[in-house]
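Q: need a 3D model of the following:
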Amino acid sequence: MSMMNLHQLDHYGNSKPQVIKLNGTIHEVPVVILIDSGASHNFISQGLVRKMNWNVEDTCSMSIKLGDGSCSKTKGTCRDLEIDMEGMKVVVDVQLFELGCVDVVLGIEWLRTLGDMIVNWKKHTMSFWYNKQWVTMRGIEGRLNMMDTLHSVICKPKKNGIAGRKEEEEKTTCGVLQTLKVDQSEALEHLLSLCAVVFQDPVGLPPKRRKEHTIVLKEGAGAINVRPNVYWIGMKNTIQEFVRACDICQRQKYLTSSPGGLLQPLPIPDRVWEDLSMDFITGLPKSKGYEAILVVVDRLSKYVHFVPLKHPYTAKVIAETFVREVVRLHGIPLSIVSDRDPIFMSNFWKELFKLQGTKLKMSTTYHPETDGQTEVVNRCLETYLRCFITDQPKTWSNWISWAEYWFNTSYHASTGQTPYEVVYGRVPPVITRWVKGETRVEAVQKELEDRDEALRQLREQLQRAQDRMAQLANRKRCDRKFEVGEWVFVKLRAHRQQSVVCRINAKLAARYYGPYPILTRVGAVAYKLKLPAGSRVHPVFHVSLLKKAVGTYQEEEELPELEGEQGTLI
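A: Predicted coordinates for the structure are as follows:
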């Protein structure tokens, strides 16, 4: 056959009927395949074959008749070329030809080997029986970029047909190719093959040239503004939100803001020795068998009792001591403020005072500031003992009574008088004094009036002191609030977990645990959290120990179990 037809080739870009475009590979090289029922033979791009250096068999040139009536010639044959189309492998003989924007054309020469077929040219599908199975091939739509393959810039341009279309697209994309003669096309093809690396995607820095080209900046020019290229609208807010939601940062970073929760003073009692606060001072050297001190403070008069204790002491022992030293003198209190010491948390202690009608008020977890008054009394007592028994620390029990008398007869700025004067209604007696003569007792009415006036002035002084204390304390605090259902991280004391939590290094332990959801609000500055089942940590925490969790979390984190060797809370 001396004349072969390729009348559909110049119309492939418009997705005309009887043409199907496919993507395939030849020796793992991506190619664009055109199935044309109007082409008599199979063809392959001459530039592609030379670029990949495939074997070409010299055969007699054959004339190709294009759809526009023009003729061209083939330039050899590739025998037994394996083509992979959507997993289907075929072996065909192809003629070398300038195809333009496709790499392979499969014509009737290949189609007649398939036998019966079902073809839908409109939907670009064809189905046939191949290798004992039914195969369906689907074509692709749309025009192909003229610069996608090497041969798309070396074909011979014409005014009509495919060459005319190539010339129009080349002028639009690069504007440098002009109408070339046949010999010029071959010379350009050879030049492009030598510089094929230019058309490859860069994989590193530009190579060193014999002459480096640089751009000389104008004198005084500033730095290049890269913001339009690397900055998008809202980038700062996006980065800040990403950092805030970082789970590791929320667990490990410390807070630089002021402690959360404004100061909420305890209500001022109405009568002396009706509302008390209690605490223990432990870790003292043994003195006559005593190793601890029970501190009891009247919240209204500031009157105190210091009771030495011997180890071991239980809730029953403390209750008997409390009755002997406090109840027998002042009666049953209405409320007792304390921390969460194991003694105060025991069932015996709770049940005993529940039957007596006394309300036990516990501080939140790891927040001793709740009972700040008792903490101040402890500090004053320790200072007093240091002044007298620094050289003989084991004699502190000899001075505990004098320390109590000193504290109760000292002037308090918050009340404007001494605790002794508040409780007993008179100035505390001086140890040594000189009396000129005796004084007569005034009428009972006058004494009651003076007593009421003293209590009134006392409450005014305490209220003024509380207001001043809250004002000063709130200067370094912020009002932090959470809503019920919010997720928060909780801060635990690392030194309280050394004996119960196995850690590689307590110094570098996590600052926060959780997050956990808030169940309810307790008072103005405390929240109750939903801790994991079996947790031995009290679920009520002061707001200063909580930090809002940013992001979405589920109930899966475990809280360290704070349990001592004897099973008691620490």
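Q: from here on, contacts and neighbour counts on C-alpha atoms
A: OK.
Q: for the closest residue to T418 other than its chain neighbours, what are phi and psi?
A: When the adjacent residues along the chain are set aside, T418 lies closest to Y411, with 4.5 Å between them (C-alpha to C-alpha, 6 or more residues apart in numbering). According to degrees, to the nearest 10, the main-chain angles of Y411 amount to phi -70, psi 130.
Q: ok, E375 - how many residues close by?
A: Residues lying near E375 (other C-alpha atoms under 10 Å) number 19.
Q: let me see the contact set for it.
A: P368, E369 (C-alpha atoms under 8 Å, 6 or more residues apart in numbering).
Q: any idea how far it is from L381?
A: Distance from E375 to L381, counting by C-alpha to C-alpha, to the nearest Å: 10 Å.
Q: ok, K236 next?
A: Separation of K236 from L381 (C-alpha to C-alpha) stands at 54 Å.
Q: kindly report the same for A187.
A: Per C-alpha to C-alpha, A187 is found 105 Å from L381.
Q: between those two, which one's more packed in?
A: In this view A187 and L381 are compared by other C-alpha under 10 Å, and L381 has more residues nearby, 19 against 13.
Q: surely the more buried one and A403 touch.
A: Yes: if you go by C-alpha atoms under 8 Å, L381 and A403 touch, sitting 6.8 Å apart.
Q: coming back round to it: isn't the residue nearest to T418 up against Q417?
A: Yes: between Y411 and Q417 there is a contact at 5.2 Å, judged by C-alpha under 8 Å.
Q: quick check: A221 is in a strand.
A: No: A221 is assigned coil when assessed by DSSP: H, G, I helix; E, B strand; the rest coil, not a strand.
Q: ok, it - how many residues close by?
A: Residues near A221, counting by other C-alpha under 10 Å, number 7.
Q: please renumber the chain so that the first residue is 508 from this point on.
A: Okay, using 508 as the starting number, the last item reads as A728.
Q: for S917, see how far away it is.
A: Applying C-alpha to C-alpha to A728 and S917 gives a distance of 75 Å.
Q: and A1033, what is it in contact with?
A: T871, V1047, F1048, H1049, V1050.
Q: what ranges do the helices span in the stretch 758-907 of the chain?
A: For the stretch 758-907 of the chain, the helices defined by DSSP state H, counting those that start in this stretch occupy 822-829, 835-837, 849-852, 854-863, 879-896, 907-915.
Q: returning to what we had before: more neighbours, Y918 and Q924?
A: Per other C-alpha under 10 Å, whichever of Y918 and Q924 has more neighbours is Q924, with 18 against 15.
Q: show me the beta-bridge partners of the more buried one.
A: With DSSP bridges applied, Q924 shows beta-bridge pairing to H919.
Q: what's the answer for K1054, then?
A: Beta-bridge partners, per DSSP bridges, of K1054: F996.
Q: touching, it and E993? I think so.
A: No: look at K1054 against E993 with C-alpha under 8 Å: they stay out of range, at 10.5 Å.
Q: higher neighbour count, the two?
A: Taking neighbours as other C-alpha under 10 Å, K1054 and E993 compare with K1054 leading, 21 against 15.
Q: quick check: the more buried one vs D986, distance?
A: K1054 is 13 Å from D986, by C-alpha to C-alpha.
Q: also T566?
A: 92 Å.
Q: run through the protein and note the low-pLDDT ranges.
A: Filtered on pLDDT under 70, the chain yields the residue ranges 508-524, 572-578, 648-692, 938-962, 965, 1001-1015, 1062-1077.
Q: can you do 50?
A: The chain contains residues with pLDDT under 50 at 508-510, 514-524, 651-689, 939-946, 1004-1009, 1069-1077.
Q: quick one, domains of it?
A: Per automatic domain parsing, the structural domains of the chain span 510-698, 739-765+984-1077, 782-918.
Q: can you add distance to E928 and give those back as TSV?
A: TSV is the format used below for these (distance: least, C-alpha to C-alpha, whole Å):
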stretch	distance to E928
domain 510-698	101
domain 739-765+984-1077	34
domain 782-918	8
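Q: of these, which is nearest Q973?
A: Set against Q973 and scored by C-alpha to C-alpha, the domains of the chain come closest in domain 782-918, at 11.6 Å.
Q: for P766, which of the helices of the stretch 758-907 of the chain is the nearest?
A: P766 lies closest to helix 879-896 among these, at 16.0 Å (C-alpha to C-alpha).
Q: the closest one: how far from the chain's middle?
A: Chain-centre distance of helix 879-896: 44 Å, with C-alpha atoms, centre = their mean, to the nearest Å.
Q: the inter-axis angle of that helix versus helix 907-915?
A: 130 degrees (axes from the mean of the first three to the mean of the last three C-alpha atoms, to 10 degrees).
Q: look up how far V1029 lies from the residue nearest to R1000 when sequence neighbours are not counted.
A: Spatially, and ignoring its direct neighbours in sequence, R1000 is nearest to Y873 (7.3 Å; C-alpha to C-alpha, 6+ apart). Distance, Y873 to V1029, using C-alpha to C-alpha: 15 Å.
Q: more crowded one of the two?
A: Neighbours per residue, other C-alpha under 10 Å: of Y873 and V1029, the larger number sits with Y873, 18 against 13.
Q: show me what contacts that one?
A: With the criterion set at C-alpha under 8 Å, 6+ apart, Y873 makes contact with L999, R1000, F1048.
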